[in-house]
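Novice: using only what follows, build the 3D model:
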Amino acid sequence: MATITEFQRLGIVLMGFGLFFLLFGVLLYFDSVLLAFGNILFLAGLMFLTGFRRMAQFFFQRQKFRGTFFFVGGVSLILCRWPIIGMLVESYGFVLLFRSFFPFVLDLLLSAVNIPFLNTVYSSGSTH
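Specialist: Below is the predicted model:
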């Protein structure tokens with residue numbers, strides 16, 4: 001089992017607080033201050049978790065430039081107090097950046113939680 005360093009633990013905590021503030025900001029009708037704070041904490045936590053070099057290599061890959069542009073543009077719009085448009089742009093960038101991880105996460109969730117209906121839908125969709 002891999003050991004987790006103190007920086008990685010700090011990254012996990014910062015990402016958790018970032019997700020909390022993002023969720024709380026959305027629940028409070030897109031409060032731009034909470035959304036901006038959540039974005040900053042989430043990105044700082046990601047940097048502590050993966051390291052600055054690996055994070056920069058991920059975000060600045062040639063094929064992920066469009067996703068990075070939309071993600072950073074959405075964060076910038078939120079910081080400029082346009083939270084709804086910023087969250088839409090940021091969400092589009094997030095999907096573009098992390099779309100290769102979605103099948104893995106779905107497989108992990110379906111194996112962790114045995115939901116018969118979802119398992120049959122997902123397995124019948126992948127065999128065709």
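
Novice: so where's this structure shaky on pLDDT?
Specialist: 1, 109-110, 112-128 (pLDDT under 70).

Novice: can you give me the helices in it?
Specialist: For the chain, helices defined by DSSP state H occupy the ranges 6-27, 32-50, 52-59, 65-79, 83-98, 102-112, 116-127.

Novice: how about the most centrally placed residue in the chain, nearest residue that isn't a chain neighbour?
Specialist: Per CA atoms, centre = their mean, the C-alpha nearest to the average position across the chain is that of residue 94, at 6.2 Å. Distance criterion CB to CB, 6 or more residues apart in numbering; nearest residue to residue 94, sequence neighbours excluded, is residue 71 at 6.0 Å. Any C-beta I mention is one placed from the backbone N, CA and C, and that applies to glycine too.

Novice: could you do residue 90 as well?
Specialist: residue 74 (2.6 Å).

Novice: can you tell me which residues contact the one you found?
Specialist: 86-93 (CB atoms under 8 Å, 6 or more residues apart in numbering).

Novice: over to residue 43?
Specialist: So residue 43 contacts 18, 75 (CB under 8 Å, 6+ apart).
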